[in-house]
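Engineer: Return a 3D structure for these sequence lines:
(2 chains)
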Amino acid sequence: QKEVEQNSGPLSVPEGAIASLNCTYSDRGSQSFFWYRQYSGKSPELIMSIYSNGDKEDGRFTAQLNKASQYVSLLIRDSQPSDSATYLCAVSANQAGTALIFGKGTTLSVSS
Amino acid sequence: GAVVSQHPSWVICKSGTSVKIECRSLDFQATTMFWYRQFPKQSLMLMATSNEGSKATYEQGVEKDKFLINHASLTLSTLTVTSAHPEDSSFYICSATQGGYGYTFGSGTRLTVV
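Structural biologist: Modelled structure (predicted):
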């Protein structure tokens, strides 16, 4: 059974702080890694994808991947109240037609 | 960018009736579509994977006779919840991919069975 684990939180940070979200996965064959943000009652929206070991930065967001440790993280710098949402880590084997497997998500609350 | 249109956004139905949810890829050919279900405060659980023109592959524990999936064309997949019961009330989300790279999600359907 392929699993993706996340700390459910809630993770609370003050406005302007760095929020750190973590994810581990069980399938060593996984090749593609995604972070989604989901607001209550809405569909997930893609924040970042990462495929290679190391860091990938996009604006205030940085994704980090360590395949040897089977670990993915997301850093949100200068957190804003609008970042308050549930963050879902998703993994796929990257073979054509392979579904994303989601973690349970971490709820982030940014206080102003 | 790639867009997937999902309808309806919400539906209320009586117990025992059937409900059909449509998912259309508007500007790309979706070779594979995925159907997820999400209960409150839980993550997205994969229900089934469907490839155009083929029978859907269901995840363990998902009743294929209850959740009928049709992927008749490269732009349309439907999920029919047959003989719905209150425990089927959930948020259903489709996702489409072209060649397995990049996933586009529909806006979701909130199903309430009364």
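Engineer: strands paired with the helix or strand containing residue A:89, and their directions?
Structural biologist: Taking DSSP states H and E as the criterion, residue A:89 maps to strand A:85-92. According to DSSP bridges, strand A:85-92 forms sheet pairs with strand A:32-38 (antiparallel), strand A:101-102 (antiparallel), strand A:106-111 (antiparallel).
Engineer: do you know which of those lies nearest residue B:6?
Structural biologist: When the strands paired with strand A:85-92 are compared by C-beta to C-beta, strand A:32-38 sits nearest residue B:6, at 15.1 Å. In short, each C-beta sits where N, CA and C put it, glycine included.
Engineer: contacting residues around the helix or strand following that closest one?
Structural biologist: Scanning forward in sequence from strand A:32-38 by DSSP H and E, the next helix or strand is strand A:45-50. Contacts to strand A:45-50, defined as C-beta atoms under 8 Å, 6 or more residues apart in numbering or on different chains, come from residues A:32-38, A:56, A:58, A:61, A:63-65, A:72, A:74, A:87, B:103, B:105.
Engineer: What of stretch B:44-60?
Structural biologist: Counting by C-beta under 8 Å, 6+ apart, A:44, A:88, A:97, A:99-102, B:30-39, B:62, B:64, B:67, B:69-74, B:77, B:79, B:93 sit against stretch B:44-60.
Engineer: Run a quick neighbour tally on residue B:85.
Structural biologist: Residue B:85: 11 surrounding residues under other C-beta atoms under 10 Å in any protein chain shown.
Engineer: how close does it get to residue B:26?
Structural biologist: 32 Å (C-beta to C-beta, to the nearest Å).
Engineer: rewinding a little: figure out which of the strands paired with strand A:85-92 is closest to residue A:93.
Structural biologist: Counting by C-beta to C-beta, and looking across all of these, nearest comes strand A:32-38 at 7.7 Å.
Engineer: Out of the strands paired with strand A:85-92, flag the one nearest residue A:10.
Structural biologist: Among the strands paired with strand A:85-92, strand A:106-111 sits nearest to residue A:10 (C-beta to C-beta), with 4.4 Å.
Engineer: Give me the buried positions along that closest one.
Structural biologist: A:106, A:107, A:108, A:110 (16 or more other C-beta atoms under 10 Å in any protein chain shown).
Engineer: cool, stretch A:33-52 as well?
Structural biologist: Neighbour count says stretch A:33-52 has A:33, A:34, A:35, A:36, A:37, A:38, A:43, A:44, A:47, A:48, A:49, A:50 buried, by 16+ other C-beta under 10 Å.
Engineer: Widest-spaced pair of these?
Structural biologist: Spanning the widest gap among the buried residues of stretch A:33-52 are A:43 and A:50, at 21.0 Å by C-beta to C-beta.
Engineer: got a list of what residue B:43 touches?
Structural biologist: Shown in contact with residue B:43 (C-beta under 8 Å, 6+ apart): A:88, A:102, A:103, A:104, A:105.
Engineer: Throw these into JSON lines and include pLDDT, neighbour count and distance to residue A:18, thanks.
Structural biologist: Below are the contacts of residue B:43 laid out as JSON lines (pLDDT from 0 to 100; neighbours: other C-beta atoms under 10 Å in any protein chain shown; distance: C-beta to C-beta, whole Å):
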{"residue": "A:88", "pLDDT": "96", "neighbour count": "25", "distance to residue A:18": "20"}
{"residue": "A:102", "pLDDT": "95", "neighbour count": "24", "distance to residue A:18": "24"}
{"residue": "A:103", "pLDDT": "95", "neighbour count": "26", "distance to residue A:18": "20"}
{"residue": "A:104", "pLDDT": "93", "neighbour count": "18", "distance to residue A:18": "22"}
{"residue": "A:105", "pLDDT": "95", "neighbour count": "28", "distance to residue A:18": "19"}
